[in-house]
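In: when you get a sec, could you give me coordinates for this:
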Amino acid sequence: MTAIAYLGTGLLGSGFVEAALGRGDQVTVWNRTRDKAQALAAFGATVAESPADAVRGAARVHLVLTDDAVVEEIIAALRPGLSPDAIICDHTTTQPALTAERAARLHADGVRYLHCPVFIGPAAARQAQGVIMVSGPEALFNQVKPALEQQAQTVTYWGERYDLAAAYKLMGNAFIIGLGALVSDVFTLAAGSDVAPADSLKLLDLFNPGSMLKNRGKKMSEGDFAASFELTMARKDLRLMLETAGARPLAALPSIAARMDEVIAQGHGAEDFGVIARDAVMGTARN
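Out: Predicted coordinates:
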């Protein structure tokens with residue numbers, strides 16, 4: 001039976017803990033709001049009074065926290081109880097530059113730390129589904145890989161660059177949040193056209209936006225802006241969308257329109273609308 005600790009037992013952390021207990025792990029938990037940790041005692045978890053108490057005797061320490069500041073606070077609080085051989089698996093979504101600085105500092109102090117952000121929801125955590133990404137020393141990753149593979153369906157190791165998993169996590173969340181914002185705007189256009197939100201989703205039966213995204217994204221990443229949908233025509237269609245939405249609030253389309261106007265003013269209106277990414281993929285110094 002492996003002794004592990006979970007610090008941070010909100011929705012996601014609790015899902016991980018329930019799954020670990022179901023696999024037969026010995027789990028000690030701590031949460032700033034004690035009631036959230038105490039609820040896991042019914043599943044067999046031991047509730048600790050402090051972060052240091054939670055990690056005493058643990059081979060692995062899992063952090064499921066809110067941000068960099070909290071990670072720093074909790075790591076400082078747990079270190080008096082941390083075994084020299086314990087490995088910290090930090091699942092928190094954090095800022096890449098701060099993650100790199102923290103990892104370098106901790107390793108210099110002899111703390112065995114891996115950044116392991118996830119694409120997993122609470123229900124998926126209970127079923128060991130989803131994705132865990134890892135950055136940090138390969139030797140540490142190899143030690144925890146079997147345990148992480150019990151925790152998620154897919155485990156991806158990005159290498160020893162400390163900040164890379166953090167960067168990919170933010171990029172992934174940009175896809176998720178951005179797509180959600182666009183779906184919201186589609187519903188707004190539906191409302192402006194007297195179409196039920198659910199009916200607007202029938203469009204997904206006609207074409208696969210995910211496939212289009214992958215193909216267009218590849219061209220954009222390569223700086224290939226040969227027009228298949230001219231920027232000026234896309235901007236015209238966006239004007240029609242904004243007119244259809246009227247005074248209704250939009251989440252993403254106005255910002256996209258503003259960026260299109262900026263790039264058209266730079267002389268790129270005849271190129272593919274993917275040229276709105278030119279500064280990101282080609283560098284602002286190029287014309």
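In: where does this structure dip in pLDDT?
Out: Low-confidence regions of the chain, defined by pLDDT under 70, span residues 284-287.
In: against residue 13, how distant is residue 231?
Out: The gap separating residue 231 from residue 13 is 45 Å, by C-beta to C-beta, to the nearest Å. C-beta: built from backbone N, CA, C; applies to glycine.
In: same deal with residue 134?
Out: From residue 134 across to residue 13, the span is 18 Å (C-beta to C-beta).
In: ok, now residue 79?
Out: Residue 79 sits 20 Å away from residue 13, going by C-beta to C-beta.
In: could you do residue 49 as well?
Out: 17 Å.
In: quick one: which of those two has more around it?
Out: When neighbours are counted by other C-beta atoms under 10 Å, residue 49 and residue 13 differ, and residue 13 comes out ahead with 24 against 10.
In: just give the closest residue to the more buried one, not the sequence neighbours.
Out: In space, not counting the residues next to it along the chain, residue 13 is nearest to residue 64; the distance is 3.6 Å by C-beta to C-beta, 6 or more residues apart in numbering.
In: phi, psi for that neighbour please.
Out: Main-chain torsions, residue 64, degrees, to the nearest 10: phi -130, psi 80.
In: could you count how many residues lie near residue 257?
Out: By other C-beta under 10 Å, 17 other residues sit near residue 257.
In: is it in contact with residue 239, as I believe?
Out: Yes: taking C-beta atoms under 8 Å as the definition, residue 257 is a contact partner of residue 239 at 7.5 Å.
In: secondary structure class of residue 62, three-state.
Out: Here residue 62 is recorded as strand under DSSP: H, G, I helix; E, B strand; the rest coil.
In: correct me, but it touches residue 7?
Out: Yes: between residue 62 and residue 7 there is a contact under C-beta under 8 Å: 7.2 Å.
In: what do the two both touch?
Out: Residues touching both residue 62 and residue 7 by C-beta atoms under 8 Å, 6 or more residues apart in numbering: residue 13.
In: what's the longest helix in the chain?
Out: helix 164-192 (DSSP state H).
In: now for that helix, which elements pack on it?
Out: Counting contacts by 3 or more C-beta pairs under 8 Å, 6 or more residues apart in numbering; DSSP states H and E, helix 164-192 is packed against helix 96-108, strand 118-119, strand 131-135, strand 154-159, helix 197-200, helix 231-245.
In: buried stuff in it?
Out: Along helix 164-192, these residues count as buried under the neighbour rule (16 or more other C-beta atoms under 10 Å): 164-169, 172, 181-183, 185-192.
In: now stretch 20-39
Out: 20-21, 25-32, 36-37, 39.
In: just the ones of these in helices?
Out: Per DSSP H, helices hold the following members of the buried residues of stretch 20-39: 20, 21, 36, 37.
In: quick one: contacts for the most centrally placed residue in the chain?
Out: With distances taken as C-alpha atoms, centre = their mean, residue 169 lies nearest the centre of the chain, 3.8 Å away. Residues in contact with residue 169 (C-beta under 8 Å, 6+ apart) are 93, 117, 118, 119, 133.
In: dump the residue contacts of the third one.
Out: Put plainly, it is residue 118. Residue 118 makes contacts with 12, 91, 130, 131, 132, 133, 152, 169, as judged by C-beta under 8 Å, 6+ apart.
In: same check, this time on the fourth one
Out: Residues in contact with residue 119, defined by C-beta under 8 Å, 6+ apart, are 130, 131, 133, 169, 172.
In: quick check: the first one touching residue 124?
Out: This points to residue 130. Yes: assessed by C-beta under 8 Å, residue 130 is found in contact with residue 124 at 4.3 Å.
In: residue 114: what secondary structure?
Out: Judged by three-state DSSP, the three-state class of residue 114 is strand.
In: next one: the strand or helix carrying residue 278 to chain centre, how far?
Out: Counting by DSSP states H and E, the element that carries residue 278 is helix 278-282. Remark: helix 278-282 is offset 23 Å from the chain centroid, using C-alpha atoms, centre = their mean, to the nearest Å.
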